[in-house]
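Undergrad: Sharing a model that was predicted from the sequence below.
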Amino acid sequence: MEKFDNKFALTIDAKLVNEGFIRSMVAAFCVPLNPSVSDINDIKTAVSEAVTNCIVHGYAGGTGDIDIFVGIRKKVLYVKITDHGVGIENIERAKQPFFTTKSKEERSGMGFTLMESFMDTLNVYNNTNGGVTVELSKEIK
């Protein structure tokens, strides 16, 4: 594992009620980097999208855990969010704007697009044992 100046890891139930807590916790953790309000809002939005994807798509209303890792190295925030659900059949297709498998639930299909636009990097991959991992990073200038 890479060396970080500070880090934390958390496993939490994949419930919509926990999304706000996760989003706020990640935002609070990066405060020592002195982010702008815009940076904080970008991070909160990207984390919210990743967590919501785990709950809505990864577990499709079922139960499971979300693993969150957050690390800081110099002025860069790294976030890794993992579910152990069904995975994504075609990640490149899923990353296209407006693509959704849940149109009847009023999903816009913009989650990955938002993550990509608000963060410096976005990596998405299926895990060997099921589920998806989303890795995000943002340099705080």
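TA: Right, received. Where do you want to start?
Undergrad: Quick one: the strands in the protein, in order.
TA: 6-13, 65-73, 76-83, 121-126, 132-139 (DSSP state E).
Undergrad: Compare the ones you listed and give me the one nearest C30.
TA: Closest to C30 of the strands of the chain, according to CB to CB: strand 76-83, at 4.9 Å. Backbone N, C-alpha and C define where each C-beta goes, glycine included.
Undergrad: Next, the angle from the closest one to strand 65-73.
TA: Going by axes from the mean of the first three to the mean of the last three CA atoms, to 10 degrees, strand 76-83 is angled at 170 degrees with respect to strand 65-73.
Undergrad: Alpha carbons only: can I get strand 76-83 in CSV?
TA: Output of strand 76-83 as CSV, limited to C-alpha atoms (Å, rounded to 0.1, in the frame of the first residue of the first chain):
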residue,chain,number,x,y,z
VAL,A,76,-3.9,15.2,-2.9
LEU,A,77,-7.1,13.5,-1.5
TYR,A,78,-7.6,9.9,-2.5
VAL,A,79,-10.9,8.2,-2.1
LYS,A,80,-11.7,4.5,-2.7
ILE,A,81,-15.3,3.3,-2.4
THR,A,82,-16.0,-0.4,-2.8
ASP,A,83,-19.2,-2.5,-2.8
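Undergrad: can you list contacts of it?
TA: Contacts to strand 76-83, defined as CB atoms under 8 Å, 6 or more residues apart in numbering, come from residues 4, 14, 26, 30, 33, 43, 46-47, 50-51, 54, 58-59, 64-72, 120, 127, 131-140.
Undergrad: Quick check on the residues you listed: which are buried?
TA: Taking 16 or more other CB atoms under 10 Å as the criterion, what is buried in these is 14, 26, 30, 33, 43, 46-47, 50-51, 54, 58-59, 64-72, 131-138, 140.
Undergrad: could I have the helix or strand of the chain with the lowest mean pLDDT exported to PDB, CA atoms only?
TA: In the chain, the helix or strand scored least confidently by mean pLDDT, DSSP states H and E is helix 91-94, which has a mean of 76. Provided in PDB are the C-alpha atoms of helix 91-94 (Å, rounded to 0.1, in the frame of the first residue of the first chain):
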ATOM      1  CA  ILE A  91     -18.100  -0.100 -17.400                       C
ATOM      2  CA  GLU A  92     -17.300   2.000 -20.400                       C
ATOM      3  CA  ARG A  93     -21.000   2.100 -21.400                       C
ATOM      4  CA  ALA A  94     -22.000   2.800 -17.800                       C
END
